[in-house]
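[1] Whatever this is, show me its structure:
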Amino acid sequence: MEKKTTILPVFTFLLLSILLLNGCKSEFEQIRTSGDVKKIYSKATDYFTQEEWQKAQTLLEMIIPNVRGTKEAEDVFFKYAYTFYNLQSYTSASYHFKTFANTYGASPLREEAEFMSAFSQYQESPTFRLDQGATGQAIEEFEFFVNTYPDSKRVGECNKLIDKLRLKLETKAFEEGKLYFHLRYYQSAVRSFENLLKDFPETKNAEQVRLMILRSYYDLALNSVLDKREERFKECRRLAAEFLERHPKSEDLREVQNIQDNSNKQLKLLTNVRYQNQSAGSGS
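    Sure thing, here's the model as predicted:
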């Protein structure tokens, strides 16, 4: 007798499997795949409040095209920018906060967005040993904020952060000058230290910087060809005199005076050599 094949049990099994799989979907997946903008927005706000930043970001990103021009748009874009900040994606956070500020110029949230754009750049500022592009950009953004919102309660905080960032740039410049000095690139060291004083005229390390300029110039003079020694030892003498005038109570007075005395001795030797050469030339 021929056996009858029935597909009903197989169909039932597949149907039950599909239902079971749907039932196992997480709440997040159910919301994400629902296509319901209001529901997605509501749940994204819940995730944001619960500090589940990645889930909030995913849902907010989905509905951005749908909320443009609506009353919810500001809130969606603002929260979206904050999710990047809280996920430590600071470059993206800065970009989205700045975009928000430029897009919603009349928003009461604009001031906070401008500050957070700068603060995100501040978070990207690396140790002084690395490239300081983000540091310079953060300073520019904080200065823009202070100029744009001079009455903001955040102005004091901005100024303190600017000082911290500038100190990092100053430290980098000082360490670069020291590196040139130790590598015996004395002219580069002098330029680096002189630029530091120009860029940071209020530096608390002015005494140490001037001492390093003097040391660099003195070693440069000692290692110069004969034709350039006189000019460079005269500059050493001038730098030493200036240092003693500016820093009469310095702990390095003895070293500076020694450089000054040795420079004078070198200049006398050069004068004697030149005189002897002239005498030998006139007597021949």
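[2] Helices along the protein, start to end?
    For the chain, the helices defined by DSSP state H occupy 8-24, 27-32, 37-49, 53-67, 73-86, 90-103, 110-124, 133-148, 155-182, 186-199, 206-222, 226-246, 253-283.
[3] Dump those helices to JSON lines, plus mean neighbour count and mean pLDDT.
    The C-beta positions use only the backbone N, C-alpha and C, and glycine is treated the same way. Shown next, in JSON lines, are those (neighbours: other CB atoms under 10 Å; pLDDT from 0 to 100):
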{"stretch": "helix 8-24", "mean neighbour count": "9", "mean pLDDT": "51"}
{"stretch": "helix 27-32", "mean neighbour count": "14", "mean pLDDT": "81"}
{"stretch": "helix 37-49", "mean neighbour count": "17", "mean pLDDT": "93"}
{"stretch": "helix 53-67", "mean neighbour count": "18", "mean pLDDT": "94"}
{"stretch": "helix 73-86", "mean neighbour count": "21", "mean pLDDT": "97"}
{"stretch": "helix 90-103", "mean neighbour count": "19", "mean pLDDT": "96"}
{"stretch": "helix 110-124", "mean neighbour count": "22", "mean pLDDT": "97"}
{"stretch": "helix 133-148", "mean neighbour count": "18", "mean pLDDT": "95"}
{"stretch": "helix 155-182", "mean neighbour count": "17", "mean pLDDT": "96"}
{"stretch": "helix 186-199", "mean neighbour count": "18", "mean pLDDT": "96"}
{"stretch": "helix 206-222", "mean neighbour count": "21", "mean pLDDT": "96"}
{"stretch": "helix 226-246", "mean neighbour count": "16", "mean pLDDT": "94"}
{"stretch": "helix 253-283", "mean neighbour count": "13", "mean pLDDT": "79"}
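[4] Can you tell me how far the residue nearest to A241 when sequence neighbours are not counted is from E157?
    The shortest distance from A241 to any non-neighbouring residue, by CB to CB, 6 or more residues apart in numbering, is to Q260 (6.8 Å). Applying CB to CB, to the nearest Å, the value for Q260 to E157 is 46 Å.
[5] Kindly report the same for I213.
    35 Å.
[6] Then K79?
    23 Å.
[7] do Q123 as well
    Taken as CB to CB, the span from Q123 to E157 is 14 Å.
[8] try L267
    54 Å.
[9] Over to F100?
    Counting by CB to CB, the gap from F100 to E157 is 20 Å.
[10] A118 now?
    10 Å.
[11] With V37 instead?
    From V37 to E157 the distance is 37 Å (CB to CB).
[12] likewise L169?
    In terms of CB to CB, L169 sits 19 Å off from E157.
[13] cool, and V146?
    According to CB to CB, V146 and E157 sit 10 Å apart.
[14] A240 is in contact with N264, correct?
    No: when contacts are counted by CB atoms under 8 Å, N264 is not listed as touching A240 (9.5 Å).
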